[in-house]
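Q: here is a sequence together with a model predicted from it:
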Amino acid sequence: MERKDWKCFMVEKLKMPLVGGLVAVSALLLVFLGNPANMGVCIACFLRDTAGALGLHDAAAVQYLRPEIIGIIGGAFIMALVRKEFNPTGGSAPVTRFFLGFALMVGALIFLGCPIRMLLRIGGGDLNAIVGLVGFVAGILIGILFLNKGYSLKRSQRTAKSDGYVLPIAATVLLVILFAFPAILTFSTEGPGSMHADAWISLAVGLIIGAVGFISRLCFVAGIRDSVLFRNFSMLSAFIAIIVVVAIGNLILGNFKLGFEGQPIAHTDGLWNFLSMTLVGLCAVLLGGCPFRQVVLAGSGNSDSIVTVLGLIAGAAFAHNFGMASSAAGVTMNGQIGFVVLLVGVLAIAVFNTFFKKQTA
């Protein structure tokens, strides 16, 4: 192998571990500066808090307009423009995507975290998250079974450039409100919503993560999906890097706590940790990306992902307004009932778009 080829080979091999390491360091920094433990970066938690700040739910402990979300959207948008890859698309089964996003969020709030936070929790020593990881993998494998049988949603189409500007503009408006008119919003005075890093730092970190996420196409379902379907383990190396770097960082900072009991913002119900992340993994495969990937794509002009993000926000509001979200005390009965109903709906979508789509084409 020539020297130039060797350098390209090494850059390609190290790219995703470096991306994972950057996400891990960002999460550690945000926790050190005030974000809740094991929640330096969590798309589900941040969207839930933002929904609360906008008055979409009244759970007083989880209300804060998270600048990280605005930053991720902005970082992806800017990078798409810089790289001349801002090509808005949409029109792929919007109602279905909304529902899948809704269901994914409810699953994440039963588990208490999205796939990123699952990895951060593992890096913090939370063994409950390993149970969640097993469920997440199970959900992805179920989704792969449908993919192999032909599952797909309607193809996206090119849309007007103006469509792609809607979410970045909305995020900018929210940013102005956060800094100039905060009285309009609702903020937690206790609980996870009251714990946050400085808003400007959170915004800056979000911008970096969003830009890197766009360039690398980082997705927390693609690593497992691609390793199974294509024997491509590149993305999986980013996950491993996150866990390793976070574990080392927590050991240095004295935040590493190995065990099931007493973990921050977590419950010990193994069955529901498994089942809820199974739903998250399945929904993510059917959507074609995890919550982080959906936010990045939404920021870069993908209207399908914007609809999915709206579904995630609606799911967060619904879960808290109707007592479906878990807490450290465990999983609620409403959460269990909601899970069953949503799982049936998700499986129906998977079956219909795998075995019956040709009949309605």
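A: Perfect, I can see it now.
Q: contacting residues for I110?
A: I110 makes contact with W272, L275, S276, L279, A319, M324, A325, S326, V331, G335, F339, according to C-beta atoms under 8 Å, 6 or more residues apart in numbering. Every C-beta, even on glycine, is put in place using the N, C-alpha and C of the backbone.
Q: and what of R48?
A: H57, V62, M105, L109, A316, A319, H320, A325.
Q: quick check, nearest of the contacts of I110 to L312?
A: Nearest to L312 among these is A319, at 10.5 Å by C-beta to C-beta.
Q: which helix or strand contains that closest one?
A: Secondary structure assignment for A319, by DSSP states H and E: helix 303-321.
Q: buried sites along that helix?
A: For helix 303-321, burial by neighbour count (16 or more other C-beta atoms under 10 Å) applies to 303-320.
Q: what packs against it?
A: In terms of contacts (3 or more C-beta pairs under 8 Å, 6 or more residues apart in numbering; DSSP states H and E), helix 303-321 is packed against helix 43-53, strand 89-90, helix 94-111, helix 161-180, helix 291-299.
Q: repeat the analysis, applying 7 Å as the threshold.
A: helix 43-53, strand 89-90, helix 94-111, helix 291-299 (3 or more C-beta pairs under 7 Å, 6 or more residues apart in numbering; DSSP states H and E).
Q: all strands in the chain, in order from the N-terminus.
A: 89-90, 157-158 (DSSP state E).
Q: what are the phi and psi angles of R155?
A: Per-residue torsions, R155: phi -70, psi 140 (degrees, to the nearest 10).
Q: residue contacts, it?
A: Shown in contact with R155 (C-beta atoms under 7 Å, 6 or more residues apart in numbering): S92.
Q: K357 versus that one, what's the distance?
A: Distance of R155 to K357, given as C-beta to C-beta, to the nearest Å: 12 Å.
Q: N148 now?
A: According to C-beta to C-beta, N148 stands 15 Å off from K357.
Q: quick check: buried residues in stretch 228-246?
A: For stretch 228-246, by 16+ other C-beta under 10 Å, it's S234, M235, L236, S237, A238, F239, A241, I242, I243, V245, V246.
Q: contacting residues for the residue nearest to the fifth one when sequence neighbours are not counted?
A: The shortest distance from A238 to any residue other than its chain neighbours is 3.4 Å, reached at G20 (C-beta to C-beta, 6 or more residues apart in numbering). With contacts defined as C-beta under 7 Å, 6+ apart, the neighbours of G20 are S237, A238, F239, A241, I242.
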